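Peer 1: Dropping a prediction and its sequence here:
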Amino acid sequence: MTTFHIKRAAMAALAAALSILAVSTARADIADYEFRLVQTILRQGDDAMISVRLVDKRTGKAVPDAVIFAMRIDMAPDGMPTMTARIEPLPSTQPGIYRFKTNLTMEGDWQLSLGAKIQGEAGTLQNKLVLRALP
């Protein structure tokens, strides 16, 4: 075989290997991520701090730099979905931890609804998390 044919065969083998690798590499899906409450029980009242961790369910690792564009807190778990409270994002103290300040005006179960975009992933992550406010 000539040098030209050897180089051509090597390039074809490399191209085949790369295409197999590209097909076999698993891509993440938006369903591979979820928000988890750091604490499920909080004190009722103004200035309640809620922390959630965004996790890659395949690895268990926290996911930083998501863009949370929708947030709502209400008492839907207690049958009062119109009982809402203001909620505002706070700066994160750790990668993958997202913090919020709210006013849990009543004792009971509250639902935190979040919508986020994760860098490099298509689709929108939406989670509803239930926490309890105690006096």
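Peer 2: Thanks, I have the structure now.

Peer 1: Can you show me the strands along this protein?
Peer 2: Counting by DSSP state E, one finds strands in the chain at the ranges 33-37, 41-43, 45-56, 67-75, 80-85, 87-90, 97-104, 108-117, 125-134.

Peer 1: What residues sit buried inside the fourth one?
Peer 2: Okay, so that is strand 67-75. Taking 16 or more other Cβ atoms under 10 Å as the basis for neighbour counts, the residues of strand 67-75 that come out buried are I68, M71, I73, D74, M75. Heads up, the C-betas are built off the backbone N, CA and C, glycines and all.

Peer 1: got it, and the last one?
Peer 2: By neighbour count, with 16+ other Cβ under 10 Å as the criterion, the buried positions of strand 125-134 are L125, N127, L129, L131, R132, A133.

Peer 1: Just the pLDDT at the second one, thanks.
Peer 2: At N127 the predicted local distance difference test score is 98.

Peer 1: wait, what's in contact with it?
Peer 2: The neighbours of N127, taking Cβ atoms under 8 Å, 6 or more residues apart in numbering as the test, are E34, F35, S113, L114.

Peer 1: Likewise for the last one?
Peer 2: By Cβ under 8 Å, 6+ apart, the contact set of A133 is I41, L42, R43, Q44, A48, L104, M106, E107, G108, D109, W110.

Peer 1: if you skip the residues just before and after it, what's nearest to V52?
Peer 2: F35 (4.6 Å; Cβ to Cβ, 6 or more residues apart in numbering).

Peer 1: Count the neighbours of the one you found for me.
Peer 2: F35 is surrounded by 21 other residues when neighbours are defined as other Cβ atoms under 10 Å.

Peer 1: go on, D29?
Peer 2: Other residues within reach of D29, judged by other Cβ under 10 Å, total 11.

Peer 1: repeat for Y33
Peer 2: There are 20 residues near Y33, going by other Cβ under 10 Å.

Peer 1: Read off the pLDDT value for it.
Peer 2: 98.

Peer 1: now it: how far from N127?
Peer 2: As defined by Cβ to Cβ, to the nearest Å, Y33 lies at a distance of 9 Å from N127.

Peer 1: Ok, W110 next?
Peer 2: Note on W110: its distance to N127, by Cβ to Cβ, is 14 Å.
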